[in-house]
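Q: When you get a sec, could you give me coordinates for this:
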Amino acid sequence: MGLSESDALDVERIREDFPILQREFRDEQVVYLDNAATSQTPDQVVDAIAHYYRHTNANVHRGLHQLSQEASIAYEEAHDRVADFIGADGRKEVVFTKNTTESMNTVAYAWGLAELGPGDEVVLTEMEHHAALVTWQQIAKKTGADVKFVRVDDEGYLDMDHARELITDDTEMVSVVHVSNTLGTVNPVSELADIAHDHGSLIFVDGAQSVPHMPVDVKDIDADFFAFSGHKMCGPTGIGVLYGKEHLLEGMQPYLYGGMMIEKVTFEDSTWHELPWKFEAGTPVIAQGIALAEACDYLDDIGMERVQRHGEALAEYAHDRLSEFEDIRILGPPGDDRAALVAFNLDGVHAHDASEILNDFAVAVRAGDHCTQPLHDKLGISSSTRASFYIYNTREEVDKLVEALDAARELFA
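A: Modelled structure (predicted):
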């Protein structure tokens with residue numbers, strides 16, 4: 001995939017916002033290719049965190065003094081900004097959590113425990129992250145519901161015919177990853193939403209690997225629930241987002257209790273605050289939420305369409321370069337039909353060993369099962385090496401990855 005001049009990012013300019021990329025290890029400048037685990041954070045977002053703590057630090061929705069009022073307004077407006085970023089109707093549909101996993105658990109406990117029972121089914125896919133797979137698996141054990149899995153075919157795509165067979169009138173929830181963090185597959189979530197809704201089911205979309213890399217409109221997808229994390233999209237760690245259709249969130253009971261999420265408390269009972277606050281018990285992620293809004297601004301200033309094209313072009317280039325070698329097995333779809341990551345294995349070299357050797361060349365990648373153990377089992381491997389790309393990566397860094405793999409090949413020859 002070639003990039004036109006208008007599509008191409010000014011990567012060198014963008015890299016100036018990320019001082020960590022200037023770090024050197026053993027006289028080698030770091031090549032950071034672990035963005036699917038966490039992206040780096042630009043100065044603008046770091047500055048937003050620092051500004052909050054230096055100028056506005058106070059608890060929200062509790063004080064009448066000036067600092068608390070300023071913090072409360074900034075925190076509420078952060079919900080509005082994130083809602084706009086993903087196409088939600090407003091702050092009532094955006095709950096701040098600490099990560100995608102907590103967002104998943106919020107729905108699983110607040111909705112799943114109340115709605116699921118024997119005879120009900122939850123449909124997942126074989127490429128799900130543990131955040132979804134383990135959560136729904138354990139909720140099913142508590143409720144007596146059954147969990148079924150849509151097959152992944154040999155190329156790394158979902159078997160949509162199998163999906164249509166599995167999703168029936170007994171299905172209460174379909175939970176699907178938008179982009180596989182191992183295969184790079186971009187799943188047809190809108191089509192799955194249509195199938196789910198035709199059977200009266202809800203759909204939960206795990207957007208941890210999509211929101212940072214492509215334009216996302218939750219209304220266009222028609223997702224009932226959608227989750228993602230700030231730290232994968234130039235934001236800080238410690239904050240995630242749960243989107244839910246307002247009427248669904250209104251009908252759910254919270255599963256975390258305490259301060260701020262209540263309206264009235266007596267010795268006998270309690271009532272809950274309005275959305276989204278009823279799901280944000282205790283002191284919330286104030287600084288992180290404000291910084292996440294800044295990350296949304298940062299990415300929108302670049303343009304999410306351009307972010308997407310850049311990442312996909314790098315993934316295709318990496319796929320092409322790695323495909324030059326017969327001893328490298330690449331996981332997932334063809335290079336021109338994947339998101340911004342490539343997972344692979346080098347024959348005779350364990351992924352952990354490959355990662356350590358790459359580290360000797362200051363190339364940072366992920367090695368392991370990427371929280372997709374069942375998928376790796378299906379593929380007949382215990383682990384893989386994953387290179388994942390973002391707005392500050394270059395083709396030259398992909399070349400350095402390939403060169404460093406030569407050293408691993410020679411060492412284990």
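
Q: Tally up the residues packed near Pro19, please.
A: Pro19 has 12 neighbouring residues, counting by other C-beta atoms under 10 Å. Yep, even glycine has a C-beta here, placed from its N, CA and C like the rest.

Q: now do Tyr255
A: Neighbour count of Tyr255, defined by other C-beta under 10 Å: 17.

Q: can you check the one 3 residues further on too?
A: Using other C-beta under 10 Å, Gly258 is surrounded by 11 other residues.

Q: Need the nearest residue in space to it, chain neighbours excluded.
A: Excluding the flanking residues, the one nearest Gly258 by C-beta to C-beta, 6 or more residues apart in numbering is Ala281, at 4.2 Å.

Q: And for Ile195?
A: With sequence-adjacent residues excluded and distances taken as C-beta to C-beta, 6+ apart, Ile195 is closest to Ile167, at 5.1 Å.

Q: from memory the one you found sits against Val174, does it?
A: Yes - under the criterion of C-beta atoms under 8 Å, Ile167 makes contact with Val174 at 6.1 Å.

Q: Show me whatever sits in contact with both of those two.
A: By C-beta atoms under 8 Å, 6 or more residues apart in numbering, Ile167 and Val174 have these common neighbours: 123, 192, 195-196, 201.

Q: mind checking how far Phe279 is from His130?
A: For Phe279, the distance to His130 equals 22 Å [C-beta to C-beta, to the nearest Å].

Q: and those two? which has more neighbours close in?
A: Shown here are Phe279 and His130; by other C-beta under 10 Å, Phe279 has more neighbours (25 against 16).

Q: distance of the more buried one from Ala131?
A: Phe279 is 17 Å from Ala131, by C-beta to C-beta.

Q: go on, Glu403?
A: Applying C-beta to C-beta, the value for Glu403 to Ala131 is 34 Å.

Q: who has more neighbours, those two?
A: Neighbour tally, Glu403 and Ala131, criterion other C-beta under 10 Å: the higher count belongs to Ala131, 24 against 12.

Q: Wasn't the more buried one part of a helix?
A: Yes - applying DSSP: H, G, I helix; E, B strand; the rest coil, one finds Ala131 inside a helix.

Q: Apart from its chain neighbours, what residue comes closest to it?
A: Per C-beta to C-beta, 6+ apart, closest to Ala131 is Thr101, 4.2 Å.

Q: How many residues are close by the one you found?
A: 21.

Q: what is the rounded mean pLDDT of the helix or strand harbouring it?
A: Thr101 belongs to helix 100-107 when elements are defined using DSSP states H and E. For helix 100-107, mean pLDDT is 98.

Q: just how off-centre is it within its chain?
A: Remark: helix 100-107 is offset 12 Å from the chain centroid, using C-alpha atoms, centre = their mean, to the nearest Å.

Q: And stretch 198-211, by the same measure?
A: 13 Å.

Q: What average pLDDT does that stretch get?
A: Taken as a whole, stretch 198-211 has a mean pLDDT of 98.

Q: which ones are touching Gly289?
A: By C-beta under 8 Å, 6+ apart, the residues touching Gly289 are 75, 78-79, 82, 96, 239.

Q: Make a markdown table from those and add distance to Ile49 to it.
A: What follows is those, written out as a markdown table (distance: C-beta to C-beta, whole Å):
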| residue | distance to Ile49 |
| --- | --- |
| Tyr75 | 13 |
| Ala78 | 12 |
| His79 | 17 |
| Val82 | 16 |
| Phe96 | 15 |
| Ile239 | 11 |
